[in-house]
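Participant: When you get a sec, could you give me coordinates for this:
(one chain, ligands or ions: 1)
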Amino acid sequence: MIPTNVFAPDSTHAWIIYKFSMLVFAITGAIFVVVGGLLLYAIVRFRQRKGDDKTEPPQVYGSEQVEIAWTVIPVIIVIVLVLTTARTIHEIQDAPRPPGALEVTAIGRQWWWEFRYPSLGIVTANELHIPVSDRARPTPTFLRLLSADVAHSFWVPRLAGKTDLIPNRVNEMWMDPAQPGLYLGQCAEYCGTQHAKMLLRVYVHSHEDFARWVAEQKAPATIASAADSGRRVFETTACLNCHAVAGTVANGRFGPDLTHLMSRDTLAAGAVKNTAENLKLWIEDPHALKPGALMPPMHLPEQELDALVGYLVTLK
Ligand code: CUA
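Facilitator: Numbering: from 1, shown residues only. The predicted model follows:
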């Protein structure tokens, strides 16, 4: 896991923003030092002393040179900041799409992420898998960002700046991570009760590993006959109104696609580890793990609950 750090960019988008913010820091830091230094000098040098005669010091009115200086210098600073901002925005928003680019649609939902790979026919949730993009073989990932309900914001600090997901609007962003690994992110726009548990995981793979992941995800769910009783529970209760399992009758769209549920490391948008125990807890009472979650408690008899978990853990 690669620790989150806004000062350690690992992708062009994040790198451009980092470079720009360092320039802004340098300029504003210099202004701070000059203004703060003069203020400090004046406070110390002209402080009240014993024996002061309490008369006003000589007053100076109208110095053309000083007035020109404090008008021209800030104007130059603002022009530099405006031009570099415009260049930064252009570099990020008008980036060319090389032929190997991957397209992913990310949909923000209360309170989880849906990821759809239209060219690959893959649908998954919360854990975004993308290929590494090196100079030898640039394969950036271009994201179309949508929202199913309220405004969310996609933010993986080491890979790119924040981009909002807004209902009835398509936003775009991209990333080209330079090294494989697991990058963490987070919804960065307050979107309701569980905004804090709308976590993001971006798995950056080598090209071979990414191809393997794609092949696994494209395969239909493999359903062991031993899990038949659990499957029956799943398909005869409300589960299938919201969840889909490719190759079965379940094709709900409101909740996460469960075709390859067990290929994911976490449950409930990173709230807890994806284990059989947590799955059982989650189905029994989602609000115990994530108060306010939109999945209702299923109130299943213990035997059916165990069978259902037994079925879900086979969805590899
Ligand atoms: Cu989604 Cu905050």
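Participant: Quick check: closest non-adjacent residue to Gly252.
Facilitator: Leaving aside its chain neighbours, Gly252 sits nearest to Cys242 (4.2 Å; criterion: C-beta to C-beta, 6 or more residues apart in numbering). The way it works is simple: take the backbone N, C-alpha and C, and place the C-beta from them, glycine included.
Participant: Could you do Asn274 as well?
Facilitator: Here the residue nearest Asn274, using C-beta to C-beta, 6+ apart, is Leu267, at 4.7 Å.
Participant: what does the model give that neighbour for pLDDT?
Facilitator: pLDDT recorded at Leu267 is 91.
Participant: Surely it touches Glu277?
Facilitator: No: using C-beta atoms under 8 Å, Leu267 makes no contact with Glu277, being 10.6 Å away.
Participant: Comparing the two, which residue is more hemmed in?
Facilitator: Using other C-beta atoms under 10 Å as the criterion, Leu267 and Glu277 rank with Leu267 on top: 23 against 10.
Participant: so who does that one touch?
Facilitator: With contacts defined as C-beta atoms under 8 Å, 6 or more residues apart in numbering, Leu267 is in contact with Lys273, Asn274, Asn278, Leu279, Trp282, Leu289.
Participant: Likewise for Ala178?
Facilitator: Counting by C-beta under 8 Å, 6+ apart, Ala178 has contacts Asp10, Ser11, Val132, Ser133, Asp134.
Participant: which of these lies closest to the ligand?
Facilitator: The ligand lies nearest to Ser11 out of the contacts of Ala178, by C-beta to the nearest ligand atom, at 21.6 Å.
Participant: Take the contacts of Leu267 and keep only those in strands.
Facilitator: If you go by DSSP state E, these have Lys273 in strands.
Participant: Going by neighbour count, which of the contacts of Leu267 comes out on top?
Facilitator: Trp282 (24 neighbours).
Participant: right, and that residue touches Ala269 too?
Facilitator: No: counting by C-beta under 8 Å, Trp282 does not reach Ala269; the two are 11.7 Å apart.
Participant: partners of Asp164 in the sheet?
Facilitator: Ser153 (DSSP bridges).
Participant: Now for it, how many residues are close by?
Facilitator: By other C-beta under 10 Å, 17 other residues sit near Asp164.
Participant: Please report how far it lies from the ligand.
Facilitator: 10 Å (C-beta to the nearest ligand atom, to the nearest Å).
Participant: for that residue, what are its contacts?
Facilitator: Taking C-beta under 8 Å, 6+ apart as the test, what Asp164 contacts is Leu145, Ala151, His152, Ser153, Phe154, Asn171, Glu189.
Participant: ok, and the closest non-adjacent residue to the fifth one?
Facilitator: The shortest distance from Phe154 to any residue other than its chain neighbours is 5.2 Å, reached at Thr163 (C-beta to C-beta, 6+ apart).
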